[in-house]
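Undergrad: just coords:
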């Protein structure tokens, strides 16, 4: 009888009441507001397209992710 009680105690201790830890939800990270559009330093350039020297339309969006220097040339002086 003592062996049976000891076996039950050992089985009870081994099984235990295991509580599963729930993974914590990822912290909500607020999205950063998009930069403003306009002629201030740090703002995004507005979307536009202009004709190149061959008369073909070139859009600023065609160069997304690449460094771009925009030069406005007045033409004939």
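TA: Received it, and whenever you're ready, just let me know what you need. None of the values given here were measured: they were computed from a predicted structure.

Undergrad: quick check: closest non-adjacent residue to residue 59.
TA: residue 49 (3.9 Å; C-beta to C-beta, 6 or more residues apart in numbering). Every residue, glycine included, has its C-beta placed from N, CA and C.

Undergrad: give me phi/psi at that neighbour?
TA: phi -140, psi 150 (degrees, to the nearest 10).

Undergrad: check residue 51 too.
TA: Per degrees, to the nearest 10, the backbone of residue 51 is at phi -80, psi 140.

Undergrad: quick check: bridge partners of it?
TA: Note on residue 51: beta-bridge partners by DSSP bridges are residue 57.

Undergrad: wait, doesn't it sit right on residue 57?
TA: Yes: between residue 51 and residue 57 there is a contact at 5.9 Å, judged by C-beta atoms under 8 Å.

Undergrad: the closest residue to residue 58 other than its chain neighbours: how many residues sit nearby?
TA: Nearest residue to residue 58, sequence neighbours excluded (C-beta to C-beta, 6+ apart): residue 52, at 4.9 Å. Residues near residue 52, counting by other C-beta atoms under 10 Å, number 9.

Undergrad: and residue 61, which of the three is it?
TA: Counting by DSSP: H, G, I helix; E, B strand; the rest coil, the backbone at residue 61 sits in helix.

Undergrad: the spatially closest residue to it that is not a sequence neighbour: what's it in contact with?
TA: Closest residue to residue 61 apart from its sequence neighbours, by C-beta to C-beta, 6+ apart: residue 47 at 6.0 Å. Contacts for residue 47 (C-beta atoms under 8 Å, 6 or more residues apart in numbering) come out as 59, 60, 61.

Undergrad: state the pLDDT value of the residue nearest to residue 58.
TA: For residue 52, the pLDDT comes out at 86.

Undergrad: check the one 3 residues further on too.
TA: Looking at residue 55, its pLDDT stands at 93.

Undergrad: cheers, nothing more for now.
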